[in-house]
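K.L.:
Give the three-dimensional model of this entry:
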Amino acid sequence: MSPAPNNGCPCSPAIIISSSESPVVDWTIYDDQERLAKCKNIIDSIQNNDLDKETIFTGIADDEHAYIIQFIDEDDNTQGKFVYHPDSEKFIVTFPSQAHKQPITQLNFAFQTAITSIGHDNVLVQVRAHANSHFSGDSIHADPDIHIICTPFVDIGIPNKSTSLWILENCLSQTESAGREKIQSHHC
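P.N.:
Numbering: from 1, shown residues only. Here you go, the predicted model:
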């Protein structure tokens, strides 16, 4: 488990806001048949499960990523985790194994139990553990295995900016170097 990095870092997960919405598609992608075909090939590969356990696509622009995610979100049967790095234009698709998924459920339950046992006023601050929830920032769009978020309230029912406390990745079914690289990708 690694705590969120220093908030002074411009791309720190501490400045990342949770979002359940897909990125906005720039509809000009429909004017470029080559880029459209590239996106459709990636979507087909994901939906048909024709990829390795982890596949990295390079040269994926923001609007291409938004287009791909829009179609993935519309298909309830699509499995996998999707991480996008806008700066390097990398789109990473992974298909977690059962050995990867099972501990996440147990850990998330343990975090939820621990958080609720801490004496704090939920009217003033909310701390929540989210499993595989989407978040976006300047340097990454990802679905970490577990994301613990703190939301203080400026007034009753009026939340202030959420802050990431921890981002956790289960690396049980990966090599040590792949696990370290994945954890590093959530940091600057």
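K.L.:
going forward, measure contacts and count neighbours with C-alpha atoms only.
P.N.:
Fine.
K.L.:
And whichever strand in the chain runs longest, what's buried?
P.N.:
For the chain, the strand with the greatest residue count under DSSP state E is strand 146-155. By neighbour count on 16 or more other CA atoms under 10 Å, the buried set for strand 146-155 is 146-153.
K.L.:
Farthest-apart pair in these, please.
P.N.:
I146 and F153 (22.6 Å; CA to CA).
K.L.:
what's the following helix or strand after the lowest-mean-pLDDT helix or strand in the chain?
P.N.:
Sorting the helices and strands of the chain by mean pLDDT, DSSP states H and E puts strand 17-18 at the bottom, at a mean of 33. As assigned by DSSP states H and E, the chain's next helix or strand after strand 17-18 is helix 33-47.
K.L.:
Quick check: mean pLDDT of that following helix?
P.N.:
Helix 33-47 carries an average pLDDT of 89.
K.L.:
Stretch 181-188 now?
P.N.:
Computed over stretch 181-188, the average pLDDT equals 63.
K.L.:
so who does the closest residue to I148 other than its chain neighbours touch?
P.N.:
Spatial nearest neighbour of I148, excluding adjacent residues (CA to CA, 6 or more residues apart in numbering): A129 at 4.3 Å. Applying CA atoms under 8 Å, 6 or more residues apart in numbering, one finds that A129 lies in contact with 108, 111-112, 146-149.
K.L.:
Please name every helix or strand in contact with the helix or strand just after the longest strand of the chain.
P.N.:
Per DSSP H and E, strand 146-155 leads on to strand 158-159 as the next helix or strand towards the C-terminus. Helices and strands touching strand 158-159, as assessed by 3 or more CA pairs under 8 Å, 6 or more residues apart in numbering; DSSP states H and E, comprise strand 146-155.
K.L.:
how far does the strand it packs on sit from the chain's center?
P.N.:
17 Å (CA atoms, centre = their mean, to the nearest Å).
K.L.:
That strand pairs with which strands, and in what direction?
P.N.:
Neighbouring strands of strand 146-155 in its sheet, by DSSP bridges, are strand 125-131 (antiparallel), strand 158-159 (antiparallel), strand 163-168 (antiparallel).
K.L.:
Could you save those as TSV and add columns showing distance to G80?
P.N.:
What follows is these, written out as TSV (distance: least, CA to CA, whole Å):
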stretch	distance to G80
strand 125-131	13
strand 158-159	31
strand 163-168	17
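K.L.:
Export these as TSV, with columns for distance to I56 and mean pLDDT.
P.N.:
Shown next, in TSV, are these (distance: least, CA to CA, whole Å; pLDDT from 0 to 100):
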stretch	distance to I56	mean pLDDT
strand 125-131	22	83
strand 158-159	36	78
strand 163-168	21	81
